[in-house]
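Q: Here's a sequence, model it:
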Amino acid sequence: MADAAVEFLLENLQQLLLYHTSLISNAKEQVEKLDNDLRLFKAFLRDSTKKRRKDEGLRELVRQIRDVVYEAEDIIDAFVTQAAESKSKNYFLRAFQTPAKLLTIAKEVEKIGAKVRGIYGDKGKFDFASLGVGDGGDPDDEPEAPIVRQENIVGFEDEAARLLGYLTEETQQLDVISIIGMPGLGKTTLAGKIFRDPEIQYEFPTRIWVYISQEFTKKDVFLNILREFTRLSEDMYKKTDQELAQLIVDHLQKGKFLIVMDDVWTAEDWDKLQIALPKSNRMGKVLITSRNEDVARHANLHRVPHKLRFLTQDESWLLLRYEVFGNPDKCPSDLEVLGKLIAQRCDGLPLALVVIGGILVKKASASNEMIAKKRAWEKVSESVGTYMKQDPQERMERIISLSYYKLPFHLRACFLYFGMFPEDFEIPVWKLIRMWIAEGFIQQKNSGISLEETAESYLEDLISRNLVRVDKTKPDGKVKTCRIHDMLRDFCKLEGGNERENFLQEMKKNSEGVFEPRVGEVNTYRRLCIHSNVSNFFGLKPYGPRVRSFVCYSKEDINLQAENCSAIPAAFKLLRVLDVKPIKLTKIPSDLYHLVHLRYITLSFNLGILPAAFSKLWNVQTLIIDTTSRTLDIKADIWKLIQLRYLKTNASATLPKATKSSKEGEKLQTLGTISPQNCTEEVFDRARNLKKLGIRGRLSLLLDGKTGSFDSLGRLSYLEKLKLINDVFPSPPSEGQLRGLPPAYKFPPKLRSLTLADTFLDWNHMSVLGLLQNLEVLKLKDKAFMGRIWEATDGGFRNLEVLEIGRTDLVVWKASVHHFPRLRQLELQNCEELQEVPTGLAGIPSLQLLIVHRCKFAAASAKKIPEARLKKQGGEEQTIKFNELKLSIFPPDE
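A: As a prediction, this is how the structure comes out:
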């Protein structure tokens with residue numbers, strides 16, 4: 001991770017030189033010199049990216065760069081911490097043999113600068129002109145084609161049937177069909193099953209299979225294809241790539257053919273190969289397997305890639321029995337429960353099942369005693385990932401590493417970071433993106449593109465490469481939550497571990513109840529995650545002077561006693577990322593404010609005040625506070641936190657007084673939830689670039705202008721998402737009923753998403769919301785609107801795509817297609833008195849999803865919507881295209 005380390009330190013030094021020169025006054029010249037050295041590093045690392053895997057000398061040089069950059073970063077940050085808080089001197093004296101005193105830091109930086117120059121000077125012994133990689137790789141390093149599995153294939157019947165349908169349908173030109181999926185999912189196996197299918201053999205007299213791989217040459221691939229048609233003469237080998245491609249086109253111009261191109265890695269690879277394919281032959285078919293969705297979309301713009309699914313639990317268990325016993329019926333009943341558990345923990349990945357099956361074969365043959373076999377299987381079931389490493393062929397690691405080393409350097413750190421999250425953890429994308437930004441993985445490339453947008457594009461790239469799975473999507477189609485397969489997570493922990501990249505380390509107790517690795521080794525790690533036995537961990541007094549990130553996603557809440565609340569800041573003085581929501585603090589330790597490098601903070605406590613001392617954390621970008629209090633009085637001057645981009649709390653927050661200012665607060669993009677009294681011109685003049693805003697409190701005071709001013713929201717010209725929560729506690733919610741809404745022109749002009757809760761509005765006020773021209777998402781949470789009848793009015797909601805209606809006493813809803821012409825998703829939650837879903841909505845062509853959750857009367861009418869939709873579709877002119885409608889009803893028996 002030398003690339004990411006250099007990028008981050010460069011950005012860190014720029015911030016110091018721009019904003020905090022007083023903290024490095026005695027070392028400014030040396031810091032500027034180090035800045036220049038790092039720029040040379042950056043160029044070198046970019047130049048050497050493609051050759052590092054094959055050149056041990058280059059790899060060693062990169063390791064030295066990484067280590068010296070880490071060292072520089074630690075000493076500079078330790079110095080800055082001491083300059084900001086002199087009490088931390090003894091802590092760092094223990095970590096660095098020579099104390100980073102004001103008078104000696106200049107020499108420390110100079111020493112590291114000399115080391116840096118020495119390493120970079122060694123580049124002369126490498127031939128940099130040879131670092132670029134051309135059309136192919138080293139012929140001697142050409143990977144072998146994988147053996148295509150032909151027996152005991154499980155779970156591909158439905159997938160094969162669908163693809164056979166694609167291959168036998170008529171098209172107007174050459175048809176390209178793609179199978180995509182993560183490493184080890186069985187893409188090649190499925191393609192092989194289709195290639196050997198009797199129907200395909202009959203249908204396509206010419207069938208050719210070519211293995212592409214990462215390191216291919218056009219000439220080799222083209223000659224392999226021509227070998228199917230003719231004997232290769234000496235003249236053939238002398239022909240150019242273009243001449244060979246034309247020969248192939250001539251052979252394939254007429255008649256039916258099927259070519260399988262196994263393992264195509266990039267869109268550029270496809271462009272090199274497609275010159276040999278006759279586009280005009282509509283009887284020709286090409287079947288591609290790839291890990292990268294971009295390849296599939298590039299190869300055929302008119303056909304959606306076929307995304308290979310994971311195996312079901314039953315299919316996984318069947319495949320595992322084939323691997324271990326040869327015949328699934330030979331599995332002893334005594335091993336069935338444990339076997340199913342092992343299969344389940346392979347998470348539907350065929351390669352994982354094959355590898356663990358091979359391990360279990362050895363366990364089964366080691367002893368004839370059933371008790372011994374059960375004990376062995378039990379151990380495997382407890383730690384499938386650990387036993388994967390016993391595979392002598394290292395198949396899982398090898399196949400994943402191919403994808404990893406194909407990643408551009410800026411994505412590698414982002415991918416390895418998934419190892420910080422627990423197994424099968426649903427990762428909120430907003431959290432992941434802000435952690436990446438805090439870690440320095442996301443650099444400002446273009447002034448017109450925000451860091452968040454750049455991070456989103458990185459995530460989309462990892463998803464398209466099938467290294468990350470989409471879990472939930474937002475109404476606008478963006479990813480809301482994602483997951484990573486356990487086998488990929490294990491790879492992240494292995495590659496990112498101390499023996500390789502020293503990027504991250506999970507602290508976990510082994511079967512003997514001892515932490516692995518030992519707590520005493522924490523002092524060498526850069527990032528730590530712990531998701532269980534947290535109190536025990538801190539009881540051992542860890543000391544991590546080099547730890548930059550500490551995260552905990554325990555499933556259980558951890559209550560730290562007052563005397564132990566200082567455990568985190570006492571252990572880790574140089575933290576950048578601190579995400580410890582499950583750890584409930586009873587007080588905020590004073591030494592937390594010494595952690596001046598913190599950029600991302602998530603804390604939980606039972607306090608109603610955020611102390612003024614939080615203002616000392618001048619680097620903070622993301623601040624998330626979860627409290628048991630309904631209100632949070634923010635004493636900290638957040639306007640002085642010039643890097644702050646995201647401030648979020650579950651309480652109604654009162655902000656410090658804001659005076660008219662220039663740039664303080666301009667980076668804030670998300671603010672919520674704040675009290676109505678803070679909705680003032682002064683606040684929104686500072687936070688003028690807000691994209692998301694949440695307001696919680698007595699909203700009637702805001703709308704009436706008695707506290708704050710709704711008119712001030714009109715100043716937020718970039719605001720896209722607004723959440724209004726009417727909280728009148730300790731009064732009953734019904735006493736806070738709003739008499740109406742402000743006119744549409746007073747709402748922020750670019751508002752795309754609006755959420756209302758506990759407002760008790762009458763349905764006739766929906767006409768105001770209907771006039772919001774850019775509104776795409778409307779979420780009416782519990783008791784946002786009340787009343788027995790809602791009759792939708794004409795002319796509104798021209799762009800609304802998502803409508804959610806929560807708990808309400810609505811009985812009759814009258815609406816038709818022209819009231820919501822662009823609606824894609826309708827969700828009804830706990831509308832227990834609603835008699836029916838308007839059948840007129842069946843005629844909305846764009847409608848894709850209808851969710852009816854605990855609406856006992858309306859469920860019956862919802863079931864009729866698809867049928868009514870088919871009738872509408874049949875009666876419409878063929879020019880109107882209707883989306884496929886998915887219906888979800890819970891409970892299903894309603």
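
Q: Going by C-alpha atoms from here, please, whenever you check contacts or count neighbours.
A: OK.

Q: Just give me the longest helix of this protein.
A: helix 56-84 (DSSP state H).

Q: so how far is that helix from its chain's centroid?
A: How far helix 56-84 lies from its chain's middle: 28 Å, per Cα atoms, centre = their mean, to the nearest Å.

Q: just stretch 447-460 next, same as before
A: On Cα atoms, centre = their mean, the centre of stretch 447-460 falls 13 Å from that of its chain.

Q: in that stretch, what's buried?
A: Buried residues in stretch 447-460, counting neighbours by 16 or more other Cα atoms under 10 Å, are found at Leu451, Glu452, Thr454, Ala455, Glu456, Tyr458, Leu459, Glu460.

Q: Give me the number of neighbouring residues for Val837.
A: With neighbours defined by other Cα atoms under 10 Å, the count for Val837 comes to 25.

Q: on that earlier part again, which strands and helices sit next to the longest helix of the chain?
A: With contacts defined as 3 or more Cα pairs under 8 Å, 6 or more residues apart in numbering; DSSP states H and E, helix 56-84 has these neighbours: helix 2-19, helix 28-48, helix 105-121.

Q: which stretch in those is the model least sure about?
A: Sorting the helices and strands packed on helix 56-84 by mean pLDDT places helix 105-121 lowest, at a mean of 55.

Q: any idea which helix or strand comes after it?
A: Using DSSP states H and E, the helix or strand that directly follows helix 105-121 along the chain is helix 157-168.

Q: C-alpha coordinates for that following helix, CSV please?
A: Provided in CSV are the C-alpha atoms of helix 157-168 (Å, rounded to 0.1, in the frame of the first residue of the first chain):
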residue,chain,number,x,y,z
GLU,A,157,-29.5,-26.2,-14.9
ASP,A,158,-31.6,-23.0,-14.8
GLU,A,159,-28.6,-20.9,-15.8
ALA,A,160,-27.7,-23.2,-18.7
ALA,A,161,-31.3,-23.3,-19.9
ARG,A,162,-31.5,-19.4,-20.0
LEU,A,163,-28.2,-19.2,-21.9
LEU,A,164,-29.1,-21.9,-24.3
GLY,A,165,-32.2,-19.8,-25.1
TYR,A,166,-30.0,-16.8,-25.9
LEU,A,167,-27.7,-18.9,-28.1
THR,A,168,-30.5,-20.3,-30.2
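
Q: Mind giving me the packing neighbours of that helix?
A: Applying 3+ Cα pairs under 8 Å, 6+ apart, we find helix 157-168 packed against helix 187-195.

Q: For the helix it packs on, report the contacting residues that lie outside it.
A: Helix 187-195 has contacts (Cα atoms under 8 Å, 6 or more residues apart in numbering) with 148-150, 153, 156, 159-160, 163-164, 179-181, 200-201, 207, 260, 262-263, 287, 289-290, 308.

Q: Check which residues of the very next helix or strand once past that helix are buried.
A: Next along the chain after helix 187-195, taking DSSP H and E as the criterion, comes helix 198-203. Neighbour counts using 16+ other Cα under 10 Å place Ile200 of helix 198-203 among the buried residues.

Q: What is the next helix or strand after helix 198-203 packed up against?
A: Note on helix 198-203: by DSSP H and E, the next helix or strand toward the C-terminus is strand 206-211. Helices and strands touching strand 206-211, by 3+ Cα pairs under 8 Å, 6+ apart, are helix 218-226, strand 257-262.

Q: buried set for strand 206-211?
A: Applying a neighbour-count criterion of 16+ other Cα under 10 Å, one finds Thr206, Arg207, Ile208, Trp209, Val210, Tyr211 buried in strand 206-211.

Q: Equivalent analysis for stretch 336-348, please.
A: Neighbour-count burial for stretch 336-348 flags Leu338, Gly339, Lys340, Leu341, Ile342, Ala343, Gln344, Arg345, Cys346, Asp347, Gly348 (criterion: 16+ other Cα under 10 Å).

Q: Kindly report the same for stretch 262-280.
A: Residues of stretch 262-280 classed as buried: 262-267, 269-270, 273, 275-279 (neighbour count, 16+ other Cα under 10 Å).

Q: could these go into a markdown table alongside pLDDT and distance to Leu780?
A: As requested, the buried residues of stretch 262-280 are exported to a markdown table (pLDDT from 0 to 100; distance: Cα to Cα, whole Å):
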| residue | pLDDT | distance to Leu780 |
| --- | --- | --- |
| Asp262 | 93 | 49 |
| Asp263 | 92 | 47 |
| Val264 | 94 | 47 |
| Trp265 | 93 | 45 |
| Thr266 | 93 | 44 |
| Ala267 | 93 | 44 |
| Asp269 | 94 | 49 |
| Trp270 | 95 | 48 |
| Leu273 | 95 | 53 |
| Ile275 | 94 | 54 |
| Ala276 | 94 | 56 |
| Leu277 | 95 | 54 |
| Pro278 | 94 | 55 |
| Lys279 | 93 | 52 |
